[in-house]
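**Student:** sharing a model that was predicted from the sequence below.
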Amino acid sequence: MKQISDVFSSTYQPISYEMFPPKGDLTLEQAREVVAGLAPCQPDFISVTYSAGGSGNSQATAQIAQMIQDEHGIPAVAHLTCINTTLHDIDGKIAEMRERGVRNVLALRGDRVPGAEATDFRYAKDLIPRLVDAGFCVGAAAYPEGHIECDDIRTSVEHLKEKQDAGASFFVTQLFFDNECFYRFRDLCDRAGITVPITCGIMPFMSKSQISRMVFMCGASLPSPVIKLLAKYEDSDEDLRRAGVEYACGQLVDLACHGAEGLHVYAMNKPEVARACTEAIRAELGTSMGR
Ligand code: FAD
C-alpha cells in the first residue's frame, strides 16, 4: 500500500477524506458502510480520526484503516494522539498498526483534558520521530489561522516547522472558511522553510450549532459570506446544508485553481457530501470520477 508521501509526489492535487469511527459499541459494520460509500469517489487517501471529540473509539482507528486498505485498495492514514499517553501505550499502538498493515499515521498531540497528568509526550513533535523510526510515513496537523492555544500565527508556523524537522512528511490543515487565510499562511510557511506538502482541510457546514461548536473549538474565523448564509437559511435546515456544501465546493475549486497541493474534505461520514465536493473539484480540473 502506498505511503502518503508517494501519493503527493505522484498525484497532482490529491483529493482525500476524513472519516471518524462511528460512536457506539460496535462500529465496524457502520464504518464499513461509510467506507463503501466513500470508495466509489476514488479518493487518493482516507484518514481515520482517533478518539476525537471524546467518542472513546480509539480502538477502532487502526481496524478501520486496515479495512479501507484491504477491502478497497485505498491508502489510509490512522490518526494517533499522544497527550495523556505513555511510551508503553504508544509502542502498543505502533505494534497494532504494523500488524494491521497501516503505513501512514497523522501524529497529533490531542486536546488537553483539564486536570489530566502530564505524560511522556508534550507535543506532537515528540511523537513524530518515534513513528518515523518505526517505519511509518508521518503527517501532522497545520493551522492556517494559528492553533487556538498559540498567541500568534508566526509562532504557530515555527512550531509547524519543528514538526517537519522532526520527520513529518505532509501536513493536513484544520478547517477554515476563508481561503485568504490559507494563502497568507502558505506564504508564511514558504518563508519559514516548510517544504512538505500541505493539504487543505475543508468542512462543509451542516447547521448553525455545528459551525458554532467548530468555531469555538478551533478558533476558525467566520467570513461575512458564511454569516450571511447562516442568516439567510436560518429557518431551513435543508437549504442551509445545501448552502454549506455549495460553499465548501466553491472553496475547494478556488484552492484547486490557486495551486493547493492537496484537498482534504472533512466528510463527516457522509458519502454524499464527499461525492458533491469531489465532483465539483474534478469538474473544475477536467477529470472524471472514474479516472
Ligand atoms: P502540537 O503540534 O503539539 O501543538 C499543540 C500546541 O502546542 C500548539 O498551540 C502549538 O503551537 C504548541 N507548541 C508546539 N510546539 C511547541 C513548542 N516547542 N513550544 C511551545 N509550544 C509549542 N484530535 C484528536 O483527538 N483526534 C484526532 O483524530 C484529531 N485529528 C485532527 C486532524 C487534523 C487535521 C487537525 C488539524 C486536528 C486534529 N485533532 C485531533 C485536534 C488536535 O489534537 C488539536 O488541535 C490539538 O489541540 C493540537 O494537536 P497538534 O498535534 O497540532 O499539537
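**Tutor:** On my side now, so go ahead.

**Student:** tell me the helices in the stretch 51-200 of the chain, going along the chain?
**Tutor:** 60-72, 87-99, 124-133, 153-166, 179-191 (DSSP state H, counting those that start in this stretch).

**Student:** in JSON lines: the ones you listed, plus mean neighbour count, mean pLDDT and distance to the ligand.
**Tutor:** (Glycine included, C-beta is placed from N, CA and C.) Formatted as JSON lines, those follow (neighbours: other CB atoms under 10 Å; pLDDT from 0 to 100; distance: least, CB to the nearest ligand atom, whole Å):
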{"stretch": "helix 60-72", "mean neighbour count": "21", "mean pLDDT": "96", "distance to the ligand": "8"}
{"stretch": "helix 87-99", "mean neighbour count": "15", "mean pLDDT": "96", "distance to the ligand": "13"}
{"stretch": "helix 124-133", "mean neighbour count": "20", "mean pLDDT": "98", "distance to the ligand": "3"}
{"stretch": "helix 153-166", "mean neighbour count": "18", "mean pLDDT": "98", "distance to the ligand": "4"}
{"stretch": "helix 179-191", "mean neighbour count": "16", "mean pLDDT": "98", "distance to the ligand": "13"}
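
**Student:** which parts of the stretch 101-250 of the chain sit against the ligand?
**Tutor:** By CB under 6 Å from any ligand atom, the residues of the stretch 101-250 of the chain that approach the ligand are 106, 108-111, 123-125, 141, 147, 149-150, 156, 159, 162-163, 172, 174, 201.

**Student:** same thing but 5 Å
**Tutor:** For the stretch 101-250 of the chain, the contact set with the ligand under CB under 5 Å from any ligand atom comprises 108-111, 123-124, 141, 147, 149-150, 159, 172, 174.

**Student:** where do the strands sit along this structure?
**Tutor:** 15-19, 45-48, 76-81, 104-108, 137-142, 170-173, 198-202, 263-266 (DSSP state E).

**Student:** so what touches the last one?
**Tutor:** Residues outside strand 263-266 that contact it (CB atoms under 8 Å, 6 or more residues apart in numbering) are 13-18, 47, 172-173, 175, 199-204, 248, 252, 255-256, 273-274, 277-278, 281.

**Student:** average pLDDT across it?
**Tutor:** When pLDDT is averaged along strand 263-266, the result is 98.

**Student:** read off the pLDDT value for the nearest residue to Ala124 once chain neighbours are set aside.
**Tutor:** Among residues not flanking Ala124 along the chain, Arg109 sits closest, at 4.5 Å (CB to CB, 6 or more residues apart in numbering). Model confidence at Arg109, given as pLDDT, is 96.
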